[in-house]
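Q: pasting the sequence and the predicted model now:
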Number of protein chains: 2
Amino acid sequence: MGAGETRAQIVDVADWLFYERGFEATSFADIARDVGLSRGNFYYHFKTKDEILGAVIALRKAKTKAMLAAWEERAASPAESIRSFVHILLMNRAKIMAHGCPVGTLCAELAKLDHAARVEANGLLDVFRAWLRRQFERLGRESDADTLALHLLMRSQGVATLATAFRDEAFIRREVADMEAWLAAQIPASSTLEAHRPD
Amino acid sequence: MGAGETRAQIVDVADWLFYERGFEATSFADIARDVGLSRGNFYYHFKTKDEILGAVIALRKAKTKAMLAAWEERAASPAESIRSFVHILLMNRAKIMAHGCPVGTLCAELAKLDHAARVEANGLLDVFRAWLRRQFERLGRESDADTLALHLLMRSQGVATLATAFRDEAFIRREVADMEAWLAAQIPASSTLEAHRPD
DNA sequence: GTCTATAGACGGATAGAC
DNA sequence: GTCTATCCGTCTATAGAC
(Lines give C-alpha, C1' and ligand atoms only; values in the text may rest on other atoms or scores of the structure.)
Protein backbone atom coordinates (compact mmCIF):
# COMPACT_ATOMS: atom_id res chain seq x y z
CA MET A 1 0.00 0.00 0.00
CA GLY A 2 1.29 3.42 -0.92
CA ALA A 3 2.24 5.91 1.72
CA GLY A 4 -0.40 8.32 0.50
CA GLU A 5 -3.16 5.79 1.00
CA THR A 6 -1.99 4.91 4.50
CA ARG A 7 -1.76 8.57 5.38
CA ALA A 8 -5.27 9.19 4.11
CA GLN A 9 -6.51 6.22 6.09
CA ILE A 10 -4.90 7.55 9.26
CA VAL A 11 -6.53 10.94 8.77
CA ASP A 12 -9.89 9.30 8.15
CA VAL A 13 -9.70 7.27 11.33
CA ALA A 14 -8.43 10.22 13.34
CA ASP A 15 -11.23 12.36 11.94
CA TRP A 16 -13.79 9.94 13.26
CA LEU A 17 -12.15 9.35 16.63
CA PHE A 18 -11.63 13.06 17.25
CA TYR A 19 -15.33 13.48 16.61
CA GLU A 20 -16.49 10.49 18.60
CA ARG A 21 -14.31 10.84 21.71
CA GLY A 22 -12.68 14.22 21.33
CA PHE A 23 -9.14 15.24 20.44
CA GLU A 24 -7.53 14.95 23.85
CA ALA A 25 -9.18 11.66 24.72
CA THR A 26 -7.89 10.06 21.52
CA SER A 27 -4.39 8.62 21.78
CA PHE A 28 -1.88 7.69 19.08
CA ALA A 29 -2.37 4.10 20.07
CA ASP A 30 -6.13 4.38 19.47
CA ILE A 31 -5.65 5.64 15.95
CA ALA A 32 -2.89 3.15 15.15
CA ARG A 33 -4.99 0.27 16.40
CA ASP A 34 -8.02 1.25 14.35
CA VAL A 35 -5.93 1.70 11.22
CA GLY A 36 -4.16 -1.60 11.87
CA LEU A 37 -0.71 -0.12 12.19
CA SER A 38 2.00 -0.43 14.75
CA ARG A 39 2.83 2.71 16.66
CA GLY A 40 6.31 2.69 15.24
CA ASN A 41 5.06 2.77 11.71
CA PHE A 42 2.69 5.46 12.69
CA TYR A 43 5.45 7.93 13.34
CA TYR A 44 6.69 7.41 9.85
CA HIS A 45 3.61 9.25 8.61
CA PHE A 46 2.95 11.74 11.39
CA LYS A 47 5.46 13.09 13.85
CA THR A 48 3.10 14.70 16.32
CA LYS A 49 -0.52 14.56 17.31
CA ASP A 50 -0.91 18.19 16.37
CA GLU A 51 0.20 17.32 12.85
CA ILE A 52 -2.68 14.85 12.59
CA LEU A 53 -5.05 17.42 13.97
CA GLY A 54 -3.95 19.84 11.27
CA ALA A 55 -4.54 17.21 8.59
CA VAL A 56 -7.96 16.36 10.04
CA ILE A 57 -9.03 20.00 10.07
CA ALA A 58 -7.78 20.43 6.50
CA LEU A 59 -9.72 17.36 5.43
CA ARG A 60 -12.88 18.58 7.11
CA LYS A 61 -12.46 21.98 5.52
CA ALA A 62 -12.11 20.47 2.06
CA LYS A 63 -15.09 18.17 2.55
CA THR A 64 -17.21 21.02 3.89
CA LYS A 65 -16.38 23.29 0.98
CA ALA A 66 -17.25 20.53 -1.50
CA MET A 67 -20.54 19.84 0.27
CA LEU A 68 -21.52 23.51 0.37
CA ALA A 69 -20.62 24.00 -3.29
CA ALA A 70 -22.75 21.00 -4.22
CA TRP A 71 -25.70 22.35 -2.25
CA GLU A 72 -25.40 25.74 -3.86
CA GLU A 73 -25.24 24.20 -7.31
CA ARG A 74 -28.17 21.89 -6.78
CA ALA A 75 -30.47 24.44 -5.16
CA ALA A 76 -32.94 26.36 -7.27
CA SER A 77 -32.63 29.41 -5.02
CA PRO A 78 -30.41 30.78 -2.26
CA ALA A 79 -33.23 30.12 0.19
CA GLU A 80 -33.17 26.49 -0.80
CA SER A 81 -29.39 26.44 -0.32
CA ILE A 82 -29.83 27.71 3.19
CA ARG A 83 -32.53 25.15 3.81
CA SER A 84 -30.03 22.44 2.91
CA PHE A 85 -27.81 23.77 5.66
CA VAL A 86 -30.61 23.70 8.20
CA HIS A 87 -31.42 20.14 7.25
CA ILE A 88 -28.01 18.79 8.27
CA LEU A 89 -29.47 18.75 11.74
CA LEU A 90 -32.03 16.22 10.59
CA MET A 91 -29.78 14.22 8.29
CA ASN A 92 -27.10 13.81 10.93
CA ARG A 93 -29.38 13.72 13.94
CA ALA A 94 -28.23 10.31 15.14
CA LYS A 95 -24.57 11.31 15.16
CA ILE A 96 -25.35 14.72 16.60
CA MET A 97 -27.36 13.23 19.47
CA ALA A 98 -24.42 10.94 20.20
CA HIS A 99 -21.44 13.25 19.74
CA GLY A 100 -22.63 16.76 18.99
CA CYS A 101 -21.65 18.93 16.06
CA PRO A 102 -18.19 17.95 14.76
CA VAL A 103 -17.26 21.58 14.20
CA GLY A 104 -18.70 23.12 17.34
CA THR A 105 -17.38 20.51 19.74
CA LEU A 106 -13.89 20.65 18.23
CA CYS A 107 -13.78 24.44 18.47
CA ALA A 108 -15.01 24.31 22.06
CA GLU A 109 -12.43 21.71 23.05
CA LEU A 110 -9.50 23.47 21.42
CA ALA A 111 -10.58 26.77 22.97
CA LYS A 112 -10.46 25.19 26.42
CA LEU A 113 -7.10 23.60 25.76
CA ASP A 114 -5.91 26.94 24.39
CA HIS A 115 -4.51 24.88 21.53
CA ALA A 116 -2.59 26.46 18.66
CA ALA A 117 -4.91 24.80 16.13
CA ARG A 118 -7.80 26.70 17.67
CA VAL A 119 -7.54 29.27 14.90
CA GLU A 120 -7.61 26.60 12.20
CA ALA A 121 -10.66 24.95 13.72
CA ASN A 122 -12.45 28.28 13.87
CA GLY A 123 -11.65 28.56 10.19
CA LEU A 124 -14.05 25.67 9.71
CA LEU A 125 -16.82 27.71 11.24
CA ASP A 126 -15.76 30.56 8.98
CA VAL A 127 -16.34 28.38 5.94
CA PHE A 128 -19.97 27.95 6.96
CA ARG A 129 -20.27 31.58 7.94
CA ALA A 130 -18.92 32.88 4.62
CA TRP A 131 -21.09 30.48 2.62
CA LEU A 132 -24.23 31.41 4.54
CA ARG A 133 -23.40 35.08 4.20
CA ARG A 134 -23.12 34.61 0.46
CA GLN A 135 -26.50 32.91 0.31
CA PHE A 136 -28.14 35.74 2.23
CA GLU A 137 -26.49 38.25 -0.07
CA ARG A 138 -27.92 36.45 -3.07
CA LEU A 139 -31.24 36.53 -1.28
CA GLY A 140 -31.11 40.31 -1.33
CA ARG A 141 -29.96 40.87 2.24
CA GLU A 142 -26.61 42.46 1.38
CA SER A 143 -26.70 44.87 4.31
CA ASP A 144 -27.04 42.31 7.10
CA ALA A 145 -26.02 39.06 5.44
CA ASP A 146 -23.26 38.36 7.95
CA THR A 147 -25.54 38.98 10.90
CA LEU A 148 -28.10 36.56 9.50
CA ALA A 149 -25.39 34.02 8.77
CA LEU A 150 -24.12 34.17 12.35
CA HIS A 151 -27.65 33.91 13.68
CA LEU A 152 -28.33 30.72 11.75
CA LEU A 153 -24.95 29.26 12.71
CA MET A 154 -25.75 30.11 16.32
CA ARG A 155 -29.04 28.28 16.14
CA SER A 156 -27.57 25.16 14.59
CA GLN A 157 -24.91 25.08 17.31
CA GLY A 158 -27.48 25.54 20.03
CA VAL A 159 -29.71 22.81 18.66
CA ALA A 160 -26.75 20.45 18.38
CA THR A 161 -25.70 21.06 21.98
CA LEU A 162 -29.16 20.46 23.42
CA ALA A 163 -29.78 17.53 21.09
CA THR A 164 -26.68 15.84 22.51
CA ALA A 165 -27.77 16.45 26.09
CA PHE A 166 -31.44 15.59 25.82
CA ARG A 167 -31.36 13.17 22.85
CA ASP A 168 -34.77 14.46 21.89
CA GLU A 169 -35.54 14.02 18.22
CA ALA A 170 -38.85 15.88 18.46
CA PHE A 171 -36.92 18.88 19.76
CA ILE A 172 -34.66 18.83 16.72
CA ARG A 173 -37.59 18.62 14.30
CA ARG A 174 -39.36 21.46 16.07
CA GLU A 175 -36.35 23.73 15.98
CA VAL A 176 -35.62 22.90 12.34
CA ALA A 177 -39.18 23.87 11.47
CA ASP A 178 -38.74 27.06 13.46
CA MET A 179 -35.53 27.86 11.57
CA GLU A 180 -37.32 27.33 8.27
CA ALA A 181 -40.11 29.67 9.34
CA TRP A 182 -37.52 32.22 10.39
CA LEU A 183 -35.76 31.83 7.06
CA ALA A 184 -38.99 32.37 5.10
CA ALA A 185 -39.52 35.58 7.02
CA GLN A 186 -36.07 36.81 5.97
CA ILE A 187 -36.78 36.74 2.26
CA PRO A 188 -37.38 40.27 1.01
CA ALA A 189 -40.66 40.71 -0.85
CA SER A 190 -38.81 42.09 -3.86
CA SER A 191 -36.71 38.96 -4.27
CA THR A 192 -39.47 36.36 -4.37
CA LEU A 193 -39.16 36.19 -8.14
CA GLU A 194 -35.39 36.24 -8.02
CA ALA A 195 -35.48 32.72 -6.70
CA HIS A 196 -36.20 31.45 -10.19
CA ARG A 197 -33.87 33.78 -11.97
CA PRO A 198 -30.39 32.44 -12.72
CA ASP A 199 -27.39 34.47 -11.48
CA MET B 1 -8.52 23.88 59.09
CA GLY B 2 -11.41 21.41 59.25
CA ALA B 3 -11.86 18.58 56.82
CA GLY B 4 -15.08 20.12 55.56
CA GLU B 5 -13.34 23.34 54.64
CA THR B 6 -10.58 21.55 52.80
CA ARG B 7 -13.08 19.47 50.95
CA ALA B 8 -15.03 22.55 49.93
CA GLN B 9 -11.81 24.17 48.78
CA ILE B 10 -10.96 21.17 46.64
CA VAL B 11 -14.38 21.25 45.02
CA ASP B 12 -14.10 24.99 44.39
CA VAL B 13 -10.73 24.63 42.68
CA ALA B 14 -11.89 21.61 40.68
CA ASP B 15 -15.01 23.50 39.66
CA TRP B 16 -12.91 26.26 38.17
CA LEU B 17 -10.33 24.00 36.52
CA PHE B 18 -12.98 21.75 34.99
CA TYR B 19 -14.50 24.86 33.51
CA GLU B 20 -11.28 26.48 32.38
CA ARG B 21 -9.52 23.46 30.87
CA GLY B 22 -12.11 20.74 30.81
CA PHE B 23 -12.59 17.66 32.96
CA GLU B 24 -10.24 15.29 31.17
CA ALA B 25 -7.46 17.82 30.75
CA THR B 26 -7.45 18.53 34.49
CA SER B 27 -5.30 16.15 36.51
CA PHE B 28 -5.35 15.26 40.14
CA ALA B 29 -2.01 16.98 40.50
CA ASP B 30 -3.40 20.19 39.02
CA ILE B 31 -6.13 20.36 41.62
CA ALA B 32 -3.83 19.40 44.50
CA ARG B 33 -1.29 22.02 43.47
CA ASP B 34 -3.86 24.81 43.28
CA VAL B 35 -5.33 23.86 46.65
CA GLY B 36 -1.86 23.60 48.14
CA LEU B 37 -2.20 19.97 49.13
CA SER B 38 0.03 16.95 48.81
CA ARG B 39 -1.43 14.15 46.77
CA GLY B 40 -1.37 11.88 49.78
CA ASN B 41 -3.52 14.27 51.73
CA PHE B 42 -5.73 14.57 48.76
CA TYR B 43 -6.90 10.99 48.85
CA TYR B 44 -8.13 11.50 52.35
CA HIS B 45 -10.91 13.65 50.92
CA PHE B 46 -11.58 12.13 47.50
CA LYS B 47 -10.83 8.64 46.32
CA THR B 48 -11.41 9.03 42.62
CA LYS B 49 -11.59 11.78 40.04
CA ASP B 50 -15.19 10.85 39.31
CA GLU B 51 -16.03 11.49 42.93
CA ILE B 52 -14.73 15.04 42.58
CA LEU B 53 -16.73 15.45 39.40
CA GLY B 54 -19.87 14.40 41.22
CA ALA B 55 -19.20 16.93 43.97
CA VAL B 56 -18.53 19.67 41.42
CA ILE B 57 -21.79 18.99 39.62
CA ALA B 58 -23.68 18.96 42.91
CA LEU B 59 -22.10 22.27 43.85
CA ARG B 60 -23.01 23.82 40.52
CA LYS B 61 -26.55 22.55 40.81
CA ALA B 62 -26.95 24.08 44.27
CA LYS B 63 -25.47 27.39 43.17
CA THR B 64 -27.65 27.47 40.08
CA LYS B 65 -30.82 26.78 42.01
CA ALA B 66 -29.98 29.53 44.48
CA MET B 67 -29.24 31.96 41.67
CA LEU B 68 -32.47 31.19 39.83
CA ALA B 69 -34.52 31.47 43.02
CA ALA B 70 -32.99 34.87 43.72
CA TRP B 71 -33.78 36.06 40.22
CA GLU B 72 -37.34 34.90 40.47
CA GLU B 73 -37.76 36.59 43.82
CA ARG B 74 -36.24 39.86 42.70
CA ALA B 75 -38.06 40.13 39.40
CA ALA B 76 -41.30 42.09 39.16
CA SER B 77 -42.62 39.74 36.48
CA PRO B 78 -41.87 36.36 34.93
CA ALA B 79 -40.71 38.17 31.80
CA GLU B 80 -38.17 40.02 33.88
CA SER B 81 -37.03 36.72 35.41
CA ILE B 82 -36.42 35.34 31.95
CA ARG B 83 -34.60 38.50 30.99
CA SER B 84 -32.23 37.88 33.90
CA PHE B 85 -31.44 34.52 32.38
CA VAL B 86 -30.76 36.04 28.97
CA HIS B 87 -28.44 38.56 30.55
CA ILE B 88 -26.04 35.96 31.92
CA LEU B 89 -24.59 36.01 28.43
CA LEU B 90 -23.64 39.65 28.93
CA MET B 91 -22.62 39.42 32.57
CA ASN B 92 -20.34 36.47 31.97
CA ARG B 93 -19.26 37.39 28.46
CA ALA B 94 -15.55 37.50 29.25
CA LYS B 95 -15.54 34.01 30.74
CA ILE B 96 -17.83 32.68 28.02
CA MET B 97 -15.60 34.01 25.25
CA ALA B 98 -12.66 32.33 26.95
CA HIS B 99 -14.13 28.98 28.02
CA GLY B 100 -17.71 28.72 26.79
CA CYS B 101 -20.76 27.95 28.87
CA PRO B 102 -19.83 25.94 31.99
CA VAL B 103 -22.91 23.77 31.65
CA GLY B 104 -22.95 23.23 27.90
CA THR B 105 -19.25 22.45 27.57
CA LEU B 106 -19.33 20.00 30.47
CA CYS B 107 -22.34 18.17 29.03
CA ALA B 108 -20.68 18.03 25.62
CA GLU B 109 -17.43 16.68 27.03
CA LEU B 110 -19.06 14.04 29.20
CA ALA B 111 -21.26 12.96 26.29
CA LYS B 112 -18.18 12.38 24.16
CA LEU B 113 -16.42 10.49 26.91
CA ASP B 114 -19.61 8.53 27.48
CA HIS B 115 -19.01 9.23 31.13
CA ALA B 116 -21.33 7.90 33.82
CA ALA B 117 -21.76 11.41 35.24
CA ARG B 118 -23.24 12.49 31.91
CA VAL B 119 -26.72 12.10 33.36
CA GLU B 120 -25.88 14.22 36.38
CA ALA B 121 -24.44 16.97 34.20
CA ASN B 122 -27.55 16.97 32.04
CA GLY B 123 -29.47 17.43 35.26
CA LEU B 124 -27.84 20.85 35.44
CA LEU B 125 -29.42 21.74 32.13
CA ASP B 126 -32.69 20.39 33.47
CA VAL B 127 -32.55 22.86 36.34
CA PHE B 128 -32.49 25.72 33.86
CA ARG B 129 -35.10 24.07 31.69
CA ALA B 130 -37.55 23.52 34.56
CA TRP B 131 -37.03 27.04 35.87
CA LEU B 132 -37.57 28.61 32.45
CA ARG B 133 -40.60 26.43 31.86
CA ARG B 134 -42.05 27.68 35.14
CA GLN B 135 -41.47 31.30 34.13
CA PHE B 136 -43.23 30.79 30.82
CA GLU B 137 -46.10 29.12 32.61
CA ARG B 138 -46.43 32.10 34.91
CA LEU B 139 -46.34 34.22 31.78
CA GLY B 140 -49.49 32.49 30.59
CA ARG B 141 -47.92 30.09 28.13
CA GLU B 142 -48.88 26.91 29.96
CA SER B 143 -49.46 24.93 26.78
CA ASP B 144 -45.99 25.37 25.26
CA ALA B 145 -43.90 26.50 28.20
CA ASP B 146 -41.41 23.64 27.84
CA THR B 147 -40.96 24.26 24.13
CA LEU B 148 -40.23 27.91 24.80
CA ALA B 149 -37.86 27.01 27.62
CA LEU B 150 -35.90 24.68 25.36
CA HIS B 151 -35.82 27.27 22.62
CA LEU B 152 -34.29 29.88 24.90
CA LEU B 153 -31.83 27.38 26.34
CA MET B 154 -30.90 26.42 22.79
CA ARG B 155 -30.21 30.02 21.89
CA SER B 156 -28.07 30.68 24.92
CA GLN B 157 -26.00 27.57 24.14
CA GLY B 158 -25.60 28.59 20.52
CA VAL B 159 -24.54 32.10 21.43
CA ALA B 160 -22.03 30.76 23.95
CA THR B 161 -20.49 28.39 21.40
CA LEU B 162 -20.06 31.05 18.73
CA ALA B 163 -18.92 33.63 21.27
CA THR B 164 -16.10 31.30 22.29
CA ALA B 165 -15.05 30.72 18.69
CA PHE B 166 -15.31 34.25 17.35
CA ARG B 167 -14.79 36.24 20.57
CA ASP B 168 -17.11 38.86 19.19
CA GLU B 169 -18.75 40.94 21.87
CA ALA B 170 -20.95 42.80 19.37
CA PHE B 171 -22.36 39.46 18.27
CA ILE B 172 -23.32 38.62 21.84
CA ARG B 173 -25.03 41.98 22.35
CA ARG B 174 -26.91 41.63 19.08
CA GLU B 175 -28.17 38.16 19.91
CA VAL B 176 -29.15 39.15 23.44
CA ALA B 177 -31.19 42.00 22.02
CA ASP B 178 -32.75 39.57 19.56
CA MET B 179 -33.64 37.20 22.37
CA GLU B 180 -35.26 40.04 24.29
CA ALA B 181 -37.32 40.97 21.25
CA TRP B 182 -38.31 37.35 20.83
CA LEU B 183 -39.28 37.20 24.51
CA ALA B 184 -41.44 40.32 24.25
CA ALA B 185 -43.28 38.71 21.34
CA GLN B 186 -44.04 35.65 23.47
CA ILE B 187 -46.01 37.54 26.11
CA PRO B 188 -49.72 36.94 25.58
CA ALA B 189 -51.77 40.11 25.21
CA SER B 190 -53.99 39.04 28.10
CA SER B 191 -51.08 38.89 30.50
CA THR B 192 -49.55 42.32 29.93
CA LEU B 193 -51.14 43.55 33.13
CA GLU B 194 -50.27 40.43 34.97
CA ALA B 195 -46.67 41.59 34.96
CA HIS B 196 -47.40 44.02 37.76
CA ARG B 197 -49.73 41.77 39.66
CA PRO B 198 -48.20 39.76 42.51
CA ASP B 199 -48.68 36.01 42.48
C1' DG C 1 22.26 -1.42 -2.39
C1' DT C 2 19.14 2.02 -1.59
C1' DC C 3 14.58 3.57 -0.71
C1' DT C 4 10.10 2.86 1.40
C1' DA C 5 6.90 1.19 4.55
C1' DT C 6 6.58 -1.42 8.37
C1' DA C 7 7.35 -3.29 13.19
C1' DG C 8 8.53 -3.25 17.85
C1' DA C 9 11.50 -2.12 21.76
C1' DC C 10 12.73 1.67 24.73
C1' DG C 11 12.59 6.34 27.13
C1' DG C 12 10.96 9.87 30.21
C1' DA C 13 6.90 11.86 31.88
C1' DT C 14 2.67 11.73 33.97
C1' DA C 15 -1.78 9.82 34.67
C1' DG C 16 -5.01 7.84 38.39
C1' DA C 17 -5.31 4.93 42.39
C1' DC C 18 -3.78 3.06 46.90
C1' DG D 1 5.44 7.87 48.80
C1' DT D 2 4.68 4.05 45.63
C1' DC D 3 2.49 1.37 42.23
C1' DT D 4 0.95 0.32 37.66
C1' DA D 5 -0.73 1.85 33.31
C1' DT D 6 -0.47 4.69 29.58
C1' DC D 7 0.82 8.66 27.47
C1' DC D 8 3.91 10.74 23.54
C1' DG D 9 7.96 10.35 21.05
C1' DT D 10 12.58 8.26 19.50
C1' DC D 11 15.18 4.62 18.49
C1' DT D 12 16.86 0.62 15.65
C1' DA D 13 15.68 -3.42 12.82
C1' DT D 14 13.56 -5.64 8.89
C1' DA D 15 10.94 -6.80 4.76
C1' DG D 16 10.33 -6.21 0.03
C1' DA D 17 10.58 -3.18 -4.39
C1' DC D 18 13.27 -1.25 -7.70
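A: That came through, no problem. What you see is a predicted model; the values in this text were computed from it and never measured. Residues are numbered from 1 along each chain as shown, chains lettered A, B, ... in the order given.
Q: what's in contact with the worst-scoring helix or strand of chain A on mean pLDDT?
A: The least trusted helix or strand in chain A, going by mean pLDDT, DSSP states H and E, turns out to be helix A:39-45, with a mean of 91. Defining contact as C-beta atoms under 8 Å, 6 or more residues apart in numbering or on different chains, one finds that helix A:39-45 is touched by A:Ala3, A:Thr6, A:Arg7, A:Ile10, A:Phe28, A:Ala29, A:Ile31, A:Ala32, A:Val35. For glycine as for every other residue, the C-beta is placed from the backbone atoms N, C-alpha and C.
Q: try 10 Å
A: With contact meaning C-beta atoms under 10 Å, 6 or more residues apart in numbering or on different chains, helix A:39-45 is reached by A:3-4, A:6-11, A:27-29, A:31-33, A:35, A:37-38, A:51-52, A:55.
Q: and that helix, anywhere near DNA strand D?
A: Yes. Legend: contact between helix A:39-45 and DNA strand D by C-beta under 7 Å from any atom of the strand is shown at A:Arg39, A:Gly40, A:Tyr43.
Q: with stretch A:15-24 instead?
A: No. Taking C-beta under 7 Å from any atom of the strand as the criterion, stretch A:15-24 and DNA strand D are apart, separated by no less than 8.1 Å.
Q: is DNA strand C contacted by that stretch?
A: No. Counting by C-beta under 7 Å from any atom of the strand, DNA strand C is not contacted by stretch A:15-24; separation bottoms out at 10.9 Å.
Q: list the buried ones in that stretch?
A: A:Asp15, A:Trp16, A:Leu17, A:Phe18, A:Tyr19, A:Arg21, A:Gly22, A:Phe23, A:Glu24 (16 or more other C-beta atoms under 10 Å in any protein chain shown).
Q: and the least confident helix or strand of chain A, which residues are buried?
A: So, applying 16+ other C-beta under 10 Å, buried residues of helix A:39-45: A:Phe42, A:His45.
Q: which parts of chain A are helices?
A: A:3-20, A:28-35, A:39-45, A:49-74, A:78-91, A:93-99, A:102-113, A:118-138, A:145-166, A:169-186 (DSSP state H).
Q: what pLDDT does A:Pro198 get?
A: On pLDDT, A:Pro198 comes in at 49.
Q: quick one: the least confident helix or strand of chain A to chain centroid distance?
A: The chain centroid and the centroid of helix A:39-45 are separated by 29 Å under C-alpha atoms, centre = their mean, to the nearest Å.
Q: hmm, it in reach of DNA strand C?
A: Yes. With C-beta under 7 Å from any atom of the strand as the criterion, DNA strand C is reached by helix A:39-45 at A:Arg39, A:Gly40, A:Asn41, A:Tyr43, A:Tyr44, A:His45.
Q: re the thing from before, which one of the buried residues of stretch A:15-24 is nearest to A:Leu90?
A: In terms of C-beta to C-beta, no member of those lies closer to A:Leu90 than A:Tyr19, at 18.4 Å.
Q: the closest one is in contact with A:Gly104, isn't it?
A: No. Taking contacts as C-beta atoms under 10 Å, A:Tyr19 lies outside contact range of A:Gly104: 11.0 Å.
Q: enumerate every residue touching the residue lying closest to A:Ile57 once chain neighbours are set aside.
A: In space, and not counting its chain neighbours, A:Ile57 is closest to A:Glu120: 4.8 Å by C-beta to C-beta, 6 or more residues apart in numbering or on different chains. By C-beta under 10 Å, 6+ apart, the residues touching A:Glu120 are A:Leu53, A:Gly54, A:Val56, A:Ile57, A:Ala58, A:Arg60, A:Lys61, A:Leu106, A:Cys107, A:Leu110.
Q: just those residues that are near DNA strand D?
A: Among the contacts of A:Glu120, no residue is within reach of DNA strand D (C-beta under 7 Å from any atom of the strand).
Q: among these, who's most crowded?
A: A:Leu106 (28 neighbours; other C-beta atoms under 10 Å in any protein chain shown).
Q: read off the pLDDT value for the most centrally placed residue in chain A.
A: Centroid check for chain A by C-alpha atoms, centre = their mean gives A:Val103 as the closest residue, at 4.7 Å. pLDDT recorded at A:Val103 is 98.
Q: check contacts around it.
A: Shown in contact with A:Val103 (C-beta under 10 Å, 6+ apart): A:19, A:57, A:60-61, A:64, A:121-122, A:124-125, A:127-128, A:153, A:156-157, A:160, B:161, B:165.
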